[in-house]
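Asker: structure, please.
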Amino acid sequence: MRFIIKENGKILVKNIDLNDCCLDNLIPNQTEKYFCNKKKEFRRRGVFKKGDIEVLLCINEAVDSTRIWKSKAILLHDFIETFKDLKIELSKDFITITDRLTHNLKKYNAHCIQASENILDPYSNSSGTKSQIDTIKSNLTLNVSKSSSSLLKIIKNNKLIQAELSVYDRLYKFNNEKLEKLSHSIHRLIKATLSAFWDSFIENNVVVEIENCYDEVNVDYETITVALVHLIDNCTKYTCPHSTLNITFSKLNSKQLIITFKMLSLRIYEYELDEIFNEGFSGELSCYLGLNGSGTGMYIIKNFIELNGGILNLKIDTNHSKNMKYNGSEYEENIFEIILPLT
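Answerer: I've put the predicted structure just below:
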């Protein structure tokens, strides 16, 4: 089978040398039986045109059957149409991904700028480098609490920016760069991530209690940090105000460590358990309260934990024994378990 497939006269794909072509000067939607001098055999050739796609085809099977020639031409045509549709869908998906990345980066950057302005006071009348530095010193001294809060906001949003770029690089650009798995103190990793979110927990009067742990896990620093950033960011959004987030550690066996995040947080319905780790999914209550984002948080957390050879489990209180309402919203005990390989 020899063919040339065109779209609006432009060649998309071919398996024949154009300098040695038996598919010239053919009439659209007609076929003919002819003797091929090169192959020394009878063949059937013709053109099938539908829409913008044109299939020029030459076959040596059943040369007396126009029906068989046409079935092969239609098959090639439909393959190209399917490929085009898939290419369009992939383009749409890529645009959605880049739009989401751009939106989130702009949002986090705006938060950084706003927090920076609380310290820098860009509207002051001071001029010159020394004068600006004196103004900053004065703002820091006179508003220690506000300045500290602003610095934490800058750190938090910088971590979120870094996480967004890592997600784009690893999940959507299919970056196959090997993970650099090394021994890391899990307690230090979690504390370092938590430190950027203290201000958010304080604003909601959420107490964070974290056990001591001296075990080390074998993970890639960048990707496991992304997972922790997204998980702790979710904790700040969904944990019930005036409650406690408990982080504990236990060994599953000699090779695996369980990190448990237990909290009183926005209720997760049982029917949502099968979908909560799917990309684009947001819970019913988070949508109702306008707390949902793009629905990628849990998907990212699970994927990046699995990149490190780990497992993410979610346990909800199916008995609703600790169900409560706060400001009209339903909360109950939810437990996230991360299982990671020990060093």
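
Asker: separation between Leu314 and Thr225?
Answerer: 21 Å (CB to CB, to the nearest Å). For the C-beta atoms, the positions are set from N, CA and C on the backbone; glycine is no exception.

Asker: looking at the two, which one has more neighbours?
Answerer: Thr225 (21 against 15; other CB atoms under 10 Å).

Asker: just confirm the more buried one is within a helix.
Answerer: Yes - assessed with DSSP: H, G, I helix; E, B strand; the rest coil, Thr225 lies in a helix.

Asker: gap between the nearest residue to it once chain neighbours are set aside and Asn29?
Answerer: Of all residues not flanking Thr225 in the chain, Thr193 sits nearest, at 6.4 Å (CB to CB, 6 or more residues apart in numbering). Distance, Thr193 to Asn29, by CB to CB: 65 Å.

Asker: so what's Leu264 up against?
Answerer: Thr239, Cys240, Ser243, Thr244, Lys322, Met324, Tyr331, Glu332, Glu333, Asn334 (CB atoms under 8 Å, 6 or more residues apart in numbering).

Asker: correction: Glu284
Answerer: Here Glu284 is in contact with Tyr269, Glu272 (criterion: CB under 8 Å, 6+ apart).

Asker: so for Thr193 and Asn29, which sits in the more crowded spot?
Answerer: Between Thr193 and Asn29, Thr193 has the larger neighbour count (other CB under 10 Å), namely 22 against 13.

Asker: got the confidence number for the more buried one?
Answerer: Listed pLDDT for Thr193 reads 93.

Asker: what's the answer for Leu312, then?
Answerer: In this model, Leu312 carries a pLDDT of 97.

Asker: pull out the buried residues from the strand or helix carrying it.
Answerer: For Leu312, the element it lies in under DSSP states H and E is strand 311-316. For strand 311-316, a neighbour-count test (16 or more other CB atoms under 10 Å) marks Leu312, Ile316 as buried.

Asker: what do you get for stretch 194-203?
Answerer: Neighbour-count burial for stretch 194-203 flags Leu194, Ala196, Phe197, Trp198, Asp199, Ser200, Phe201 (criterion: 16+ other CB under 10 Å).

Asker: the residue nearest to Thr225 touches Ala227, doesn't it?
Answerer: No - judged on CB atoms under 8 Å, Thr193 makes no contact with Ala227 at a distance of 9.4 Å.

Asker: circling back to that earlier point, tell me which of the contacts of Leu264 fall in strands.
Answerer: For the contacts of Leu264, the ones inside strands are Thr244, Met324, Tyr331, Glu332, Glu333, Asn334, with DSSP state E as the criterion.

Asker: and those residues as a markdown table, adding pLDDT, neighbour count and distance to Arg44?
Answerer: Below are the ones in strands among the contacts of Leu264 laid out as a markdown table (pLDDT from 0 to 100; neighbours: other CB atoms under 10 Å; distance: CB to CB, whole Å):
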| residue | pLDDT | neighbour count | distance to Arg44 |
| --- | --- | --- | --- |
| Thr244 | 97 | 13 | 78 |
| Met324 | 89 | 14 | 77 |
| Tyr331 | 95 | 22 | 72 |
| Glu332 | 95 | 20 | 71 |
| Glu333 | 95 | 20 | 72 |
| Asn334 | 96 | 21 | 67 |
